[in-house]
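I would like to see how this sequence folds:
(chains A and B)
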Amino acid sequence: MGPSGSGKSTLMQMLGFLDHPTSGKYLFEGEDAGKFSEEKLSYIRNQKIGFVFQTFNLLPRTTVFENVELPLLYDRGETSQKKVQEKVENALKSVSMEHRVNYLSSQLSGGEKQRVAIARALVNNPDIIFADEPTGNLDSKSGTQILKILQQLNRQGHTIILVTHETFTAQHAERIIYIRDGQIVADDIVKDRKVAADEEILK
Amino acid sequence: MKLINPIKISYKNLTAAKFRSFLTMLGIIIGVGSVILIMAIGQSAQELILDQVKGIGTNLIGVIPGASSSEKSPPAAAMGISITTFTYDDLEALINPRNVPEVEDGTGYVVGSETVSYNGLDKALSFTGTTASYINVETAEVENGRFFTKEEETNLSKVAVVGSKMAADFFGNDNPVGKTIKIKDQNFNVIGVFKERGSSAFGLAGQDNSVFVPVKTGQKILLGINYLAYARLKVKSPDLIPSAIANTKTTLRERHKIKDPSKDDFSVRDQASALETITNITNILRYFLLAIGTISLIVGGVGIMNVMLIAVNQRVREVGLRKAVGARNSEIISQFLIESATISSLGGIVGIILGILLALLASVIIQALNYHWPFIISIPSISVAFGVSAFIGIIFGIYPARKASRISPMEALRYE
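Just a heads-up that it's a prediction; the model follows:
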């Protein structure tokens, strides 16, 4: 975490292969990411990582199903429509959005949109999920639900890298890296980690 | 890369923005439609013009007495020299299928100028002595009354068929049929009036202001000669013209006992060269119109590029997102290319249908105006128009597609 302009989003985008570092080295799974081909980069973006954005970035005029299906369209392995259907449904279930499968993205509330975005990040079962201020555009109740889902995913074995400038949100993580003016200024383990309120997610 | 997915994505994008897709298509629809329409109308007009030319005698050959040094130079008869060797019997022989089987019919002419008078009005008019076959050979029409018969042609009947202008000048609103006019102080009974021919008919412009009498009457009573000025033969089909000319020459040489073709006392001509000239002119016209149609197609293509560029700009975030979830550059390119190719191909199909319908409408309207206007759609023009429209979609889609694929995902997601 860090204040605006500290470089936390830039760091996340480099980690998520959306941007190239101008100097320095990034090792991903022990390999130098600077040497990855365009082909390999798109494969990693598709299979190994998922993104959740502050502004959701759902496709307009498309349904929830189609939004979650999106990474599968660029998946080199998956072909059968049945498998696609299954994956999308599982992803939606883990964010409790299966009841909205045929809604258009514009018909959803902010919290629901973000849950669909998480489902989309999740659909290919990636190792890492990058979340850039995922609660930034949400009211606190919806924000809590999002944090709860992310914590759940973390328990299931996904690494979550979350960017925020809110101390409250950051305290839901196990480890906080503080950034200021592009420099890491602190790297702490969270002592009394907050657990997102264990209330039932609103449908 | 699986091809089905880019198609699926493109389809979703096109249907999600139906109105925009339609507007983009409109440029191509208009372009392809106008190419089809122009080609169809051009071809129909060509047919119509050739038809009219044929109507006044592309399948006619002329027999003119007197030798000419070359086929192109004017015959002696045209220089005011009278050649007396070509006779009515020669004409009869040429019409005989045993001599010239290609000839369907033929007519001979004598021409002169005489004072024609009726009811105190005197006027010097040209007159033509011809045979009963004139109506068939020159496709002339008698509007009022009748033309003279084969019998009248030979029995020195003093009957006359007059042109429409002559009739109007001499008789005003009266019915000329049944009236008696004087030609060279001889009484002639008017038996018919020609339908107005107009000035468009090559070589026959004089018919409207002329008097027609049977050929023998013209020879014996009016001119005092026993030869023909020239003859015109109607050949069964234009491709038989060369052999008809050859047979005509052989027949006349036999009858005139000419052994050396260079000593011919006649010449035979056809109108194939005239037809060729007209075909060339109408072809140039068609290519010119086609060029205009092609320009509108290109304008339509630029329209596609324009809209696709706007689409790329509108969808920067979408492209960034697609890349962030693993789309490769080639997949982004093919998505946009398929979109533009689909728009232009669909536009091409609609344009072809529209063009055909408009050409049909045009032919219905023109036919209603009493023209013999054939409805022709050429298959090549359809396939060319469709191919060009699909090609334009790809060509003008490449630049926007490459532009889209080069968008950096991070920049794109930051883009507002």
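
top helix in the chain by residue count?
Going with chain A. Using DSSP state H, we find that the single longest helix of chain A is helix A:140-155.

To clarify, I was referring to chain B.
Taking DSSP H as the criterion, chain B has its longest helix at helix B:272-314.

does any bit of that helix sit next to chain A?
No: if you take CB under 8 Å from any CB of the partner chain as the test, helix B:272-314 misses chain A, and the best it gets is 10.0 Å. Where C-beta positions appear, they are placed from N, C-alpha and C, glycine not excepted.

any idea how far that helix is from the chain center?
Helix B:272-314 sits 21 Å away from the centroid of its parent chain (CA atoms, centre = their mean, to the nearest Å).

Please apply the same query to stretch B:30-45.
Per CA atoms, centre = their mean, the centroid offset for stretch B:30-45 relative to its chain is 15 Å.

what is the rounded mean pLDDT of it?
Averaged across stretch B:30-45, the pLDDT comes to 84.

List the contacts of it.
Outside of stretch B:30-45, the residues within contact range by CB atoms under 8 Å, 6 or more residues apart in numbering or on different chains are B:282, B:285-286, B:289-290, B:292-294, B:296-301, B:347-348, B:350-352, B:354-356, B:358-359, B:362-363, B:366, B:373-378, B:381-382, B:384-386, B:388-389.

so the residue of chain B found nearest chain A, which of the three states?
For chain B and chain A, the shortest gap (CB to the nearest CB) falls at residue B:326, measuring 2.4 Å. Put simply, residue B:326 is coil when judged by DSSP: H, G, I helix; E, B strand; the rest coil.

Run a quick neighbour tally on it.
Residues near residue B:326, counting by other CB atoms under 10 Å in any protein chain shown, number 26.

what are the ranges of the helices in the chain?
Looking at chain A here, since you left the chain open. A:8-15, A:38-47, A:64-73, A:81-94, A:110-122, A:140-155, A:167-170.

You answered for a different chain; I wanted chain B.
Using DSSP H, the helices assigned to chain B run over residues B:4-16, B:18-55, B:88-95, B:134-137, B:150-154, B:164-171, B:215-217, B:241-256, B:272-314, B:316-324, B:329-368, B:379-405, B:409-414.

what bits of chain A have low per-residue confidence?
Low-confidence segments of chain A (pLDDT under 70): A:78-79, A:197-203.

Sorry, wrong one. I was asking about chain B.
Within chain B, the stretches with pLDDT under 70 are B:1-6, B:52-58, B:68-82, B:198-206, B:272-274, B:415-416.

Could you tell me which other helices and strands the longest helix of chain B packs against?
Applying 3 or more CB pairs under 8 Å, 6 or more residues apart in numbering or on different chains; DSSP states H and E, one finds that helix B:272-314 makes contact with helix B:18-55, helix B:329-368, helix B:379-405.

could these go into a markdown table alongside mean neighbour count?
Formatted as a markdown table, the helices and strands packed on helix B:272-314 follow (neighbours: other CB atoms under 10 Å in any protein chain shown):
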| stretch | mean neighbour count |
| --- | --- |
| helix B:18-55 | 20 |
| helix B:329-368 | 20 |
| helix B:379-405 | 20 |
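
can you put those in a markdown table and add distance to residue B:11?
What follows is these, written out as a markdown table (distance: least, CB to CB, whole Å):
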| stretch | distance to residue B:11 |
| --- | --- |
| helix B:18-55 | 11 |
| helix B:329-368 | 8 |
| helix B:379-405 | 15 |
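
Figure out which of those is closest to residue B:270.
The minimum distance between residue B:270 and the helices and strands packed on helix B:272-314 falls on helix B:18-55, with 12.5 Å, by CB to CB.

The closest one: how far from the chain's middle?
Distance of helix B:18-55 from its chain centroid, counting by CA atoms, centre = their mean, is 17 Å.

Next, the angle from that helix to helix B:4-16.
Put simply, helix B:18-55 runs at 90 degrees to helix B:4-16, going by axes from the mean of the first three to the mean of the last three CA atoms, to 10 degrees.

Measure how helix B:18-55 sits relative to helix B:272-314, angle-wise.
Calculated by the same axes, to 10 degrees, helix B:18-55 forms an angle of 180 degrees with helix B:272-314.

Taking their axis directions, helix B:18-55 and helix B:329-368 sit at what angle?
40 degrees.

Contacts only, for the nearest residue to residue B:196 once chain neighbours are set aside.
Excluding its sequence neighbours, the residue lying closest to residue B:196 (CB to CB, 6 or more residues apart in numbering or on different chains) is residue B:164, at 4.2 Å. Residues near residue B:164 by CB under 8 Å, 6+ apart: B:143, B:193, B:194, B:195, B:196, B:197, B:208.

For the second one, give the beta-bridge partners.
So that's residue B:193. Note on residue B:193: beta-bridge partners by DSSP bridges are residue B:144, residue B:162.

surely it meets residue B:178?
No: in this structure, residue B:193 is not within contact of residue B:178 by CB atoms under 8 Å, at 11.2 Å.

Same drill for these two, tell me which one is more crowded.
Legend: neighbour count by other CB under 10 Å for residue B:193 and residue B:178, higher for residue B:193 (22 against 10).

if I pick the closest residue to residue A:52 other than its chain neighbours, what's in contact with it?
Residue nearest to residue A:52 in three dimensions, not counting chain neighbours: residue A:131, with 4.1 Å by CB to CB, 6+ apart. Listed by CB under 8 Å, 6+ apart, the contact set of residue A:131 reads A:51, A:52, A:150, A:160, A:161, A:162, A:163.

Could you rerun that using 10 Å?
Neighbouring residues of residue A:131 by CB atoms under 10 Å, 6 or more residues apart in numbering or on different chains: A:12, A:50-54, A:114, A:117-118, A:121, A:146-147, A:150, A:153, A:160-164, A:169.

can you tell me the residue of chain A closest to chain B?
As assessed by CB to the nearest CB, chain B sits closest to residue A:46 within chain A, at 2.4 Å.

Give me the neighbour count for that residue.
Neighbourhood size, residue A:46 [other CB under 10 Å]: 24.

what residues go with each domain of chain B?
Per automatic domain parsing, the domain ranges recorded for chain B read B:4-54+B:276-414, B:60-270.

What strands line up against the longest strand along chain B, and which way round?
As assigned by DSSP state E, the longest strand anywhere in chain B is strand B:103-118. Strand pairing for strand B:103-118, using DSSP bridges, gives strand B:121-130 (antiparallel), strand B:180-183 (antiparallel), strand B:230-235 (antiparallel).

what's the spacing between that strand and its chain's center?
With CA atoms, centre = their mean as the basis, strand B:103-118 stands 30 Å off its chain's centre.

any idea of the angle that strand forms with helix B:164-171?
Following the same axes, to 10 degrees, one obtains 20 degrees for the angle between strand B:103-118 and helix B:164-171.
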